[in-house]
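Undergrad: Show me how the following folds:
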Amino acid sequence: MSEPILSFDDLTVQFGGVRACDSISGRVDRGSLFALIGPNGAGKTTLVNTISGVYKPLAGATVHFHPDGKPVEDLLTYRPYQIARLGVARTFQNLGLFMGENVLTNLLLGRYIHENTRLISGGLFTRGAVKRELAAREAIERVVELLDLGEFKRDPVGDLPYGVQKRIEFGRVLAMEPELLMLDEPMAGMSVDEKQDMIRFIYAAQDELNTTVFLIEHDMGVVMSIADHVMVLDFGQKIAEGTPAEMQRDERVIAAYLGTEMAEN
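TA: Have a look, this model is predicted:
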């Protein structure tokens, strides 16, 4: 059995009288592409928000990150920016780019977690500050090459097509050099060609940057073709998990997406 990079157990999140996530447990194997699917309102983003420290679950939950070669970390003891420093990066459903800045500047923002230059040394541009600046720019150039952004890198982000903007957002989190990359609907609103490009870039990140991917995606064609393991949520509960082939045959999953009456016909 592969070793996990992330494991969570009995994860419950409640907003007033509504349980957005109800006692959800699971694991993500290192190097895999793990897909989380479910109808709108199923609790997918709530689960990701809890793992990344945005929400706090009810007592009894555990969320453990297993960084390569390091002790296991209890993510519930950290704040979101600290979780990012540990090696867990995530995107959000909505674009969070600085539209008036160019592509390189937006990508460089992903390097902030590696920056420890002090105000004085940075202002005086000391030898150490120069070395860190060069290292950051080298890392950004690798991302630019990986995502085929070379022709756009000096352009203002707001002038670029939506599909390229989504690619830039993906690149910004890759610049953080995460071990676990959590993508919340990275292909939403894209054309078929743009989705195919994004799939290629996700595979490239896995292969070349040794990144594990935790994906939320509504396009079932995409999920079933690229995921190694699929977990399905409905009304805040885990109703099934397994391989894509198993999920396509699971009656509970079919009912959740098509409705019980349609699934029976």
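Undergrad: quick one: the helices in the protein?
TA: Using DSSP state H, the helices of the chain run over 44-51, 80-86, 103-108, 119-124, 127-146, 162-174, 192-209, 220-226, 244-249, 251-258, 260-264.
Undergrad: what's the distance between the closest residue to G163 other than its chain neighbours and P57?
TA: Take G163 and drop its neighbours on the chain: the residue closest to it by CB to CB, 6 or more residues apart in numbering is E194, 3.6 Å away. C-betas here are computed from N, CA, C, even on glycine. E194 is 35 Å from P57, where distance means CB to CB, to the nearest Å.
Undergrad: Between those two, which is the more surrounded one?
TA: Neighbour totals were compared for E194 and P57, and P57 leads with 22 against 17 (other CB atoms under 10 Å).
Undergrad: what sits up against stretch 193-203?
TA: 33, 146-148, 163, 166-167, 170, 183, 186-187, 190, 213, 215, 219, 222, 225-226 (CB atoms under 8 Å, 6 or more residues apart in numbering).
Undergrad: Same question for stretch 72-82.
TA: By CB under 8 Å, 6+ apart, stretch 72-82 touches 51-54, 56-57, 61-67, 83, 86, 88, 113.
Undergrad: For H66, grab the count of nearby residues.
TA: Neighbour number of H66 under other CB under 10 Å is 19.
Undergrad: where's it relative to V88, distance?
TA: Relative to V88, H66 is positioned 11 Å away (CB to CB).
Undergrad: Report how many residues lie close to the residue lying closest to R252 once chain neighbours are set aside.
TA: The spatial neighbour of R252 that comes closest, neighbours along the chain excluded (CB to CB, 6+ apart), is I239 at 4.7 Å. Neighbour count of I239, defined by other CB under 10 Å: 16.
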